[in-house]
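Undergrad: structure for this input, please:
(chains A and B)
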Amino acid sequence: MKMSTDRFTITAEDYLAETSALFYLNDAVTQLLEHREEFIQFGIVRYFAEYFTSVKNGNHILFREFSYVKGTAHNRVSFIHVFWKYFRQIGKNRDLLTMMEYTSLLQLLCPDFPAEMVQNTAKIVLMEDATECPMSLSDFIYSFQIQFYYEEFLESVLAIYEDLLVGKNPNTVIVPTSASSETISSEETETQEGVDSSVLLECIEGLCERFKPKHPPLSAIKEALENSTRVSYYSFLMALAKHDGISREIGALPNRSDLLIDPEMDQELERLVAQVAISPTSNSSSSAQGLKEPCRKPSPRKSLHQRKRIEMESDGSTEETDSSEN
Amino acid sequence: MAEKRRSGVAAEPKSAKAESDEEFLSQAGVDALLRSTLLKLVEARPEDPIGFLAEHFTIEASENESGGGGDGEGKYQDALEDQQLNKALWHLSLAHHSQRSAFNSNIRVAYDLLSQCGSTRSVPGGVQGRLYTEMLRCVCSDSGLSEAAAAPLLRRLRCHDYEAVPFELFRQAVLMCSAFSEYVRRARCLYTAVACHPERPAERELCVAVLNALREALDTSHGPDATRYLEASAKISPAELARAMAETRGASREQEGQSMDMHEFEDAAAALFIARVRVVN
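TA: Numbers count the residues shown, from 1 in each chain, chains lettered A, B, ... in the order given. Reported below is the predicted structural model:
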């Protein structure tokens, strides 16, 4: 949420337009009106304080409607971060999930999250074909981040790309703001292998100049296009997704190497797993999890050990009760 | 701004419910709350507006909640003072002191907040000396200055608890504390630049040369401000410092002389600054 221009030299209206303060104030008032009885009890100023504290902490987007979740750059970052935080464990277990399964997970956090966004992400990961293939969390999440955070920008790039494919003069390109990427990509045939990357770069440079919403830093785009002379739309997006600099610029996810490391959360999880393991009904599920242990990193092994101990203890206790009954 | 908000809210359902919404908002005081909030937001123009709003509403809410139950008069006064002090400090932190007009306006807000406390007790017209001293101490510690480093400056700026501090003195003292904290930070950077190896202390002779250059830069002749600034910045330009250091190196051939640690350098640099601060009386 950094200000690009000097915030003291612009007019008050421009300052407010650059911040998303009005967006949040509007939403806060709408929410207040919807639940007014509840919030009057709670205290209206306190309500506003809680609202903005949760916006600041980034957990305000949980279970909200999609239009709100994508409403500001900060909301998008918060959503990507929350998704990673909640479903990181899938990556740790090295589970591969399909597009449908990722859609379900996203819809747990945002009930009306569109499947189309996940489809577009799958196209980046799987290079447009075989979108039913299962994907790993780390492949998925970095591509999802690019697709979700830069949605509008990518739509414009796709329009440029389509025009270049049919050989239109890039200088006269008029960028439609909402192109349905689905229909266009299905038209796309394999007659040509992508477009000239230097021409694409030139067009994107022009786009960035007049593009209001967020776009990746130009230096990163250059690096993504440097590697080959010809590039297809999805290989370009893949290169953006793999670029560490862009991920850092967005600031929602850690570096690829740290994606699955979070000792604090692991401890918390181990504690919860241990709790669940104590209850006798979950014994079967915990032993099923135990089968997956060999492929994991060293730290969960401790929990396996703990779990065994807990099972032994609980066994002992049932015997005791048995004997007392006898 | 207030019109904007109201029209934004009314734009939703254009029916009888919209009217009752509007009535509700004005009756519950949401109208007034948002209007004053937006004015404050636009006035302060913080870099992180969401953080600003969160903090602003939190402060307002805790004021509302503690406002009702003031059992002991003295206790209530103390709590109020703490609140006002925190609020004043928070306002000061919204703009860096190099953004001079924004910073000055924030100082004004802080001053007004502090002069509201204790109006029932004593001193009309001005902030109580005790609050003023406390405020300066907090400004120093909030900007990362150790108590020992801040003490000499605070000794010069402090005044008696019963005195009333006028705005201009308040402004200059707060500005002085902020500038001093920054000066000490820069001095630390200067030291690491002179030391060049992070694990080894800097050579004493080089440090002395740099400190001398710094002293000369601060001792600019009296004249119009602009000329003095130019003269000072020319005297501590990187090239000038490098020249002073090279000269020292040339004069003393024997290498590996005595060293100076960061602390000593910092104190010496701070002393140069403090020597130029006039004592408040």
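
Undergrad: for B:Arg186, which three-state class applies?
TA: helix (DSSP: H, G, I helix; E, B strand; the rest coil).

Undergrad: what pLDDT is listed against it?
TA: Note for B:Arg186: predicted pLDDT of 91.

Undergrad: likewise A:Leu200?
TA: What the model reports for A:Leu200 is a pLDDT of 90.

Undergrad: now do the same contact list for it.
TA: Going by Cβ atoms under 8 Å, 6 or more residues apart in numbering or on different chains, A:Leu200 touches A:160-161, A:164, A:225, A:231, A:236. (Glycine included, C-beta is placed from N, CA and C.)

Undergrad: how about a cut-off of 10 Å?
TA: A:157, A:160-161, A:164, A:170, A:194, A:221, A:225, A:230-233, A:236 (Cβ atoms under 10 Å, 6 or more residues apart in numbering or on different chains).

Undergrad: format those as CSV; extra columns: distance to chain B, neighbour count and secondary structure.
TA: CSV is the format used below for the contacts of A:Leu200 (distance: Cβ to the nearest Cβ, whole Å; neighbours: other Cβ atoms under 10 Å in any protein chain shown; DSSP: H, G, I helix; E, B strand; the rest coil):
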residue, distance to chain B, neighbour count, secondary structure
A:Val157, 29, 23, helix
A:Ile160, 34, 22, helix
A:Tyr161, 35, 23, helix
A:Leu164, 40, 20, helix
A:Pro170, 38, 17, helix
A:Gly194, 41, 18, coil
A:Ile221, 27, 23, helix
A:Leu225, 33, 20, helix
A:Arg230, 43, 14, strand
A:Val231, 38, 24, strand
A:Ser232, 39, 21, coil
A:Tyr233, 35, 25, helix
A:Phe236, 33, 25, helix
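
Undergrad: low-confidence stretches in chain A?
TA: For chain A, the stretches with pLDDT under 70 are A:1-5, A:130, A:169-192, A:279-326.

Undergrad: check which helix or strand covers the residue nearest the centre of it.
TA: Computing the C-alpha centroid of chain A and ranking residues by Cα atoms, centre = their mean puts A:Ile80 first, at 3.1 Å. Following DSSP states H and E, one finds A:Ile80 within helix A:73-92.

Undergrad: find the nearest non-adjacent residue to the residue nearest to the spatial centre of chain B, please.
TA: Of all residues in chain B, the one closest to the mean position by Cα atoms, centre = their mean is B:Ser178, 4.3 Å from it. The shortest distance from B:Ser178 to any non-neighbouring residue, by Cβ to Cβ, 6 or more residues apart in numbering or on different chains, is to B:His97 (4.4 Å).

Undergrad: distance of that neighbour from chain A?
TA: 13 Å (Cβ to the nearest Cβ, to the nearest Å).

Undergrad: can you pull the contacts of that residue?
TA: B:103-104, B:106-107, B:143, B:174-179, B:181-182.

Undergrad: now for the residue of the stretch 201-326 of chain A found nearest chain B: which residues touch it?
TA: Proximity of the stretch 201-326 of chain A to chain B (Cβ to the nearest Cβ) peaks at A:Gly251, 13.6 Å away. Applying Cβ under 10 Å, 6+ apart to A:Gly251 gives the contacts A:77, A:80-81, A:149.

Undergrad: list buried residues within these.
TA: By neighbour count, with 16 or more other Cβ atoms under 10 Å in any protein chain shown, these hold A:77, A:80-81, A:149 as buried.

Undergrad: what helix or strand is the closest residue to chain A within the stretch 101-250 of chain B on?
TA: Nearest residue of the stretch 101-250 of chain B to chain A, counting by Cβ to the nearest Cβ: B:Ala102, 5.4 Å away. In this assignment (DSSP H and E), B:Ala102 forms part of helix B:100-116.

Undergrad: so how far is the helix holding A:Ile80 off the chain centroid?
TA: 5 Å (Cα atoms, centre = their mean, to the nearest Å).

Undergrad: pull the CA atoms of that helix into CSV?
TA: C-alpha atoms of helix A:73-92 as CSV (Å, rounded to 0.1, in the frame of the first residue of the first chain):
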residue,chain,number,x,y,z
ALA,A,73,-4.5,-4.8,-4.2
HIS,A,74,-4.3,-5.2,-0.4
ASN,A,75,-7.2,-7.6,-0.4
ARG,A,76,-5.7,-9.7,-3.1
VAL,A,77,-2.4,-9.9,-1.2
SER,A,78,-4.2,-10.8,2.0
PHE,A,79,-6.2,-13.5,0.2
ILE,A,80,-3.2,-15.2,-1.4
HIS,A,81,-1.4,-15.1,2.0
VAL,A,82,-4.4,-16.6,3.8
PHE,A,83,-4.7,-19.3,1.2
TRP,A,84,-1.1,-20.2,1.7
LYS,A,85,-1.3,-20.1,5.5
TYR,A,86,-4.3,-22.4,5.6
PHE,A,87,-3.4,-24.9,3.0
ARG,A,88,0.4,-25.0,3.3
GLN,A,89,0.1,-28.5,4.8
ILE,A,90,-1.0,-29.9,1.4
GLY,A,91,2.3,-28.9,0.1
LYS,A,92,4.1,-30.5,3.0
